[in-house]
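A.B. asks: prediction below, plus the sequence it came from.
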There are 2 protein chains.
Amino acid sequence: MPSDQRRIQPRKQPRQVRAELTRQRILTAAAHVFAGHGYAAGTTNRIAERAGISIGSLYQYFPNKDAILAELLTRHLDDGTAAAAKVLTGPLPDSIEEIFRVFVRLAVEAHLDDPHLLRMLIEQAPRSEELLERVGRVKRTMVGHTRDLLEGHPEVRVADTATAARLVIATVELAVHDLLAEPDPIDARRLEDEMVAMLTRYVRG
Amino acid sequence: MPSDQRRIQPRKQPRQVRAELTRQRILTAAAHVFAGHGYAAGTTNRIAERAGISIGSLYQYFPNKDAILAELLTRHLDDGTAAAAKVLTGPLPDSIEEIFRVFVRLAVEAHLDDPHLLRMLIEQAPRSEELLERVGRVKRTMVGHTRDLLEGHPEVRVADTATAARLVIATVELAVHDLLAEPDPIDARRLEDEMVAMLTRYVRG
DNA sequence: CACAATTATGAGCAAATATTCAGATCTTGA
DNA sequence: TCAAGATCTGAATATTTGCTCATAATTGTG
């Protein structure tokens, strides 16, 4: 068990190509192992084994197990915010329904590749103060943007846009997580349609 | 680490008053510790310490750590289904809006006392085959009832009641968990109002 | 009070697992 | 080619933690 949870920074920076490759392999293996076994049962030795490297190499690039989780979460958050930013720079559709569709699709796509991993991340990550803060910040940003959107759109008729924005974000994120990770997952397209319908009818009042 | 995960039954039945008291203290302490540290970091020694008893006493009433979790989850599920059954025996309101309000309020109330504990329960349940099955059964029952409700109600206009029922259940459950467990939780009454509005407008088409 | 049954104690065992480090192997650049 | 630095190895070590058991304390009963 880790005795010093504060270290998150990598032990050394890769300077050769094979080092960067090893780092990638570790992360890929960790994603698989964490997704399959959960965080606690996803041991560092198992990760190293799956990555085809020795346990020592793993600790050359990650100071401890938590750091691997942190890196995976960071990448997910960065990917998500980057995708959202890209959409926000371009022109958005006019109707609130189509706007919602864009973002719901974004959320669904972001979770389609490995729902189990993402679910594990959300469940396990918040144990660390730092990660909790990071996730909270991203979420608050999303809620803020959603609120702006709701307030500026002529079709929207909800009174309390602050609460509505939080409800919208939580609904999209969590329902996506849950439904995609079930043993019998809902068809992604159908989920998208129903969720867009629900949100649209909600904010139109 | 536990070598035999199958044992769930208590080691012995309490025969004296102080024994039953000790059992209660263990469960209360476990709820606190699990909610605060998570399941993995909530060690049995910490639970015993918080309960003000020795670690040996803990193992006199629970064969292993999982059994404590199972007992907590069982109590939650039993409480929930009992409350739901009580509501279902009586007369339900006519309007779909008021029906939703009854069930959303039920869900909110069931999670108001200790959102962190309940969140942990839902997250950790998938570790055990038995608990997973138990939770799945309860959920399927709820979805089934919801579907019946949607199909039999004149106000409802959604086409795919199966998908709609799953979406409704997932939304209520997860949004409640998430919003109440935040560092800055939404006012329970406001959450109830908005969620009822969202669900009602959704199923009315 | 005496005796048995019940309950409580907590040091310590055993297994799992995170992490280290001394030495081997590979890559780079001159 | 070769030395220096980078990378890799994995047996060994350090911790953590679920759990046991011999013993002590308490309670119920005649």
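C.D. replies: Arrived safely. Since the structure is predicted, the reported quantities are computational estimates derived from the model, not experimental observations.
A.B. asks: excluding its backbone neighbours, what's nearest A:Ile96?
C.D. replies: In space, and not counting its chain neighbours, A:Ile96 is closest to A:Glu155: 4.5 Å by CB to CB, 6 or more residues apart in numbering or on different chains. Glycine gets a C-beta too; all of them are placed from N, C-alpha and C.
A.B. asks: let me see the mean pLDDT of stretch A:65-79.
C.D. replies: Stretch A:65-79 comes out with an average pLDDT of 93.
A.B. asks: the residue most central in space within chain A in helix, strand or coil?
C.D. replies: Centroid check for chain A by CA atoms, centre = their mean gives A:His76 as the closest residue, at 4.6 Å. Secondary structure assignment for A:His76 (DSSP: H, G, I helix; E, B strand; the rest coil): helix.
A.B. asks: from DNA strand D, how far out is it?
C.D. replies: The spacing between A:His76 and DNA strand D, counted by CB to the nearest atom of the strand, to the nearest Å, is 24 Å.
A.B. asks: what residues are up against that residue?
C.D. replies: Going by CB atoms under 8 Å, 6 or more residues apart in numbering or on different chains, A:His76 touches A:110, A:118, A:121.
A.B. asks: tell me which of those residues is nearest to DNA strand D?
C.D. replies: A:Leu121 (20.6 Å; CB to the nearest atom of the strand).
A.B. asks: among the contacts of A:His76, which are in helices?
C.D. replies: Counting by DSSP state H, the part of the contacts of A:His76 found in helices is A:110, A:118, A:121.
A.B. asks: settle this for me: the second one is touching A:Val176, isn't it.
C.D. replies: The one in question is A:Leu118. No - under the criterion of CB atoms under 8 Å, A:Leu118 is not in contact with A:Val176, lying 9.0 Å apart.
A.B. asks: okay, and the common contacts of the two?
C.D. replies: By CB under 8 Å, 6+ apart, the residues touching both A:Leu118 and A:Val176 are A:His111.
A.B. asks: tell me how many other residues surround A:Thr89.
C.D. replies: A:Thr89 has 8 neighbouring residues, counting by other CB atoms under 10 Å in any protein chain shown.
A.B. asks: list the contacts of the helix or strand hosting A:Glu49.
C.D. replies: Assigned by DSSP states H and E, A:Glu49 falls within helix A:44-51. Here helix A:44-51 makes contact (CB under 8 Å, 6+ apart) with A:22, A:25-26, A:28-30, A:32-33, A:37, A:54-55, A:57-59, A:65, A:68.
A.B. asks: ok, the helix or strand of chain A with the lowest mean pLDDT near DNA strand C or not?
C.D. replies: Least confident helix or strand of chain A, by mean pLDDT, DSSP states H and E, is helix A:115-124 with a mean of 82. No - Helix A:115-124 lies out of reach of DNA strand C by CB under 7 Å from any atom of the strand, never closer than 12.2 Å.
A.B. asks: now do that helix: which elements does it pack against?
C.D. replies: Applying 3 or more CB pairs under 8 Å, 6 or more residues apart in numbering or on different chains; DSSP states H and E, one finds that helix A:115-124 contacts helix A:17-41, helix A:65-89, helix A:161-181.
A.B. asks: so after the helix holding A:Glu49, what's the next helix or strand?
C.D. replies: As assigned by DSSP H and E, the chain's next helix or strand after helix A:44-51 is helix A:55-61.
A.B. asks: do that next one and DNA strand D meet at all?
C.D. replies: Yes - applying CB under 7 Å from any atom of the strand, one finds helix A:55-61 touching DNA strand D at A:55-57, A:59-61.
A.B. asks: again with stretch A:14-30
C.D. replies: Yes - Stretch A:14-30 comes into contact with DNA strand D (CB under 7 Å from any atom of the strand), by way of A:14-16, A:18-19, A:21-22.
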